[in-house]
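Participant: Structure for the following, please:
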Amino acid sequence: MRRFSCREGLTLVEILVVVFLIAIFVRLFLPPLGGILPYEIRNASRELSAELQYASQRAITTGETHRWVVDLDSQLFHLERLEITQLTAERDVPTHSGLLDTARPRPTEEFLPVPAKIGEWRALDQETIRIEKVWIGEDEFDEGDVGILFAPDGAADPAELLLMGEGGRAMSLQLQPFTSEIRTIELNP
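Facilitator: Numbers count the residues shown, from 1 in each chain. Predicted structure coming up:
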């Protein structure tokens with residue numbers, strides 16, 4: 001007659017299978033139950049940080065002033081550059097010296113979208129995240145178009161962006177004026 005022995009405990013493979021199944025169930029069912037997860041707002045802050053850093057670096061490398069613009073109503077943003085157009089003077093020859101205009105023609109300045117993908121209006125990848133407010137210096141904006149300037153010398157407007165997600169999660173992006181360094185602060189971890 002054969003006897004079967006009872007073993008005590010679980011093997012390593014069995015433990016790993018159980019842990020793997022738990023991880024899959026948590027991943028599938030936690031987001032619908034808990035609303036927005038912290039990684040979504042962190043990803044949005046990383047995306048915007050990369051946008052602002054690119055604007056700063058592009059201003060420095062091209063030697064042109066750039067402006068990152070966000071439309072807080074539609075939640076779209078894009079990058080613009082300052083284009084300076086030199087005017088040529090087409091003037092009639094004056095009939096006497098009193099009508100002679102000796103002033104040089106003034107250049108025109110206009111912000112135009114950067115001729116690349118980053119110059120097109122686009123939204124955040126995370127649709128549940130909003131850019132709720134923007135502060136530039138002491139001025140607070142919660143609607144309309146807001147532009148943050150980046151100078152060719154590396155300086156930028158002192159700015160702060162407030163990101164809000166579902167469930168009250170918030171994150172702040174602070175742009176330092178002289179270095180264009182970006183600090184991210186999770187407001188409710």
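Participant: Just give me the residue right at the centre of the chain.
Facilitator: Closest residue to the average C-alpha location of the chain: L48 at 2.2 Å, with Cα atoms, centre = their mean.
Participant: need the contact list for it.
Facilitator: Contact criterion Cβ atoms under 8 Å, 6 or more residues apart in numbering gives L124, I131, L161, L163, L173 as the residues in contact with L48. For every residue, glycine as well, the C-beta is placed using N, CA and C.
Participant: contacts for the host helix or strand of the second one?
Facilitator: I131 belongs to strand 130-136 when elements are defined using DSSP states H and E. If you take Cβ under 8 Å, 6+ apart as the criterion, strand 130-136 is touched by 48, 70, 72, 75, 77, 124, 140-142, 146, 148, 157-165, 170.
Participant: List the buried residues for that strand?
Facilitator: Residues of strand 130-136 classed as buried under the neighbour-count rule (16 or more other Cβ atoms under 10 Å) are R130, I131, K133, V134, W135, I136.
Participant: any idea of the mean pLDDT for the lengthiest helix in the chain?
Facilitator: In the chain, ranked by residue count with DSSP state H as the criterion, the top helix is helix 38-62. Per-residue confidence for helix 38-62 averages out to 92 on the pLDDT scale.
Participant: what's the angle from the lengthiest strand in the chain to helix 38-62?
Facilitator: In the chain, ranked by residue count with DSSP state E as the criterion, the top strand is strand 76-85. Our comparison of strand 76-85 with helix 38-62, counting by axes from the mean of the first three to the mean of the last three Cα atoms, to 10 degrees, yields an angle of 10 degrees.
Participant: which helices and strands sit right next to strand 76-85?
Facilitator: Strand 76-85 is packed against helix 38-62, strand 66-71, strand 108-113, with contacts defined by 3 or more Cβ pairs under 8 Å, 6 or more residues apart in numbering; DSSP states H and E.
Participant: and those, which is most packed in?
Facilitator: The highest mean neighbour count among the helices and strands packed on strand 76-85, using mean count of other Cβ atoms under 10 Å, belongs to strand 66-71: a mean of 21.
Participant: Quick one: list the elements packing against that one.
Facilitator: Under the contact rule (3+ Cβ pairs under 8 Å, 6+ apart), strand 66-71 is packed against helix 38-62, strand 76-85, strand 145-150.
Participant: contacting residues for A59?
Facilitator: Applying Cβ under 8 Å, 6+ apart to A59 gives the contacts T65, H66, R81, F150, A151, P152, G154.
Participant: Looking at neighbours, which among those is most surrounded?
Facilitator: Neighbours were tallied for each of these (criterion: other Cβ atoms under 10 Å), and the maximum of 28 neighbours falls on F150.
Participant: What's opposite it in the beta bridge?
Facilitator: When bridges are assigned using DSSP bridges, the partners listed for F150 are H66, A156.
Participant: Just the pLDDT at it, thanks.
Facilitator: The predicted structure scores F150 at 95 on the pLDDT scale.
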